[in-house]
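> below are the sequence and a predicted model for it; my questions follow.
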Amino acid sequence: MKINIYYDKISYRFPGWRKSVLLIDKVIRSEGLVSGDLNFIITSDEIIRAINIEFLKHNYNTDVISFDYNTGKIVNGEIYISKDTVKRNAFNYNVSLKEEMLRVMIHGVLHLTGYNDGTREDKKLMRKKENIWLKEFFGKSYGIQL
């Protein structure tokens, strides 16, 4: 298992990343999978938009984009996160930047483990799983609704 966090052209550093990496591994194992090489790249809206345009043909900002390089039951991938969008969402949901950043990291990993958020039901299931893991990490209940 090798889970890394990289920072692309931003000064932000994710606090408590070591504990977060252990949680990410636990999320993966809870789905009956194994952590392989997983890279989180925390960057800006500008970079995320460029990635979104190039790879997904979407011309807008988003908080997270996951690239799945899984091999069998081994979870490998890259997860790009926009610190700018996450910061706005943290403000809108009245949570800390650290909490929202971890939510987005979990969300990206859930995509790599097979979850989608294309329908309202899929979004609810992913949000429920995110909340379970955030509760385990922070020790308090989460109930952000869609």
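Alright, I've got the coordinates.
> which residues are contacting stretch 66-79?
28, 32-41, 55, 64-65, 80, 105, 108-109, 111-113 (CB atoms under 8 Å, 6 or more residues apart in numbering). The way it works is simple: take the backbone N, C-alpha and C, and place the C-beta from them, glycine included.
> take those residues and keep only those in strands.
34-41, 64-65, 80 (DSSP state E).
> ok, of the contacts of stretch 66-79, which come out buried?
28, 33-36, 38-41, 64-65, 80, 105, 108-109, 111-113 (16 or more other CB atoms under 10 Å).
> tell me which other helices or strands the biggest helix by length in the chain touches.
Counting residues, the longest helix found in the chain (DSSP state H) is helix 120-138. For helix 120-138, the elements it packs on are helix 17-30, helix 97-112, judged by 3 or more CB pairs under 8 Å, 6 or more residues apart in numbering; DSSP states H and E.
> and the angle for it with helix 97-112?
Counting by axes from the mean of the first three to the mean of the last three CA atoms, to 10 degrees, helix 120-138 lies at 130 degrees to helix 97-112.
> chain center to helix 120-138, what's the gap?
12 Å (CA atoms, centre = their mean, to the nearest Å).
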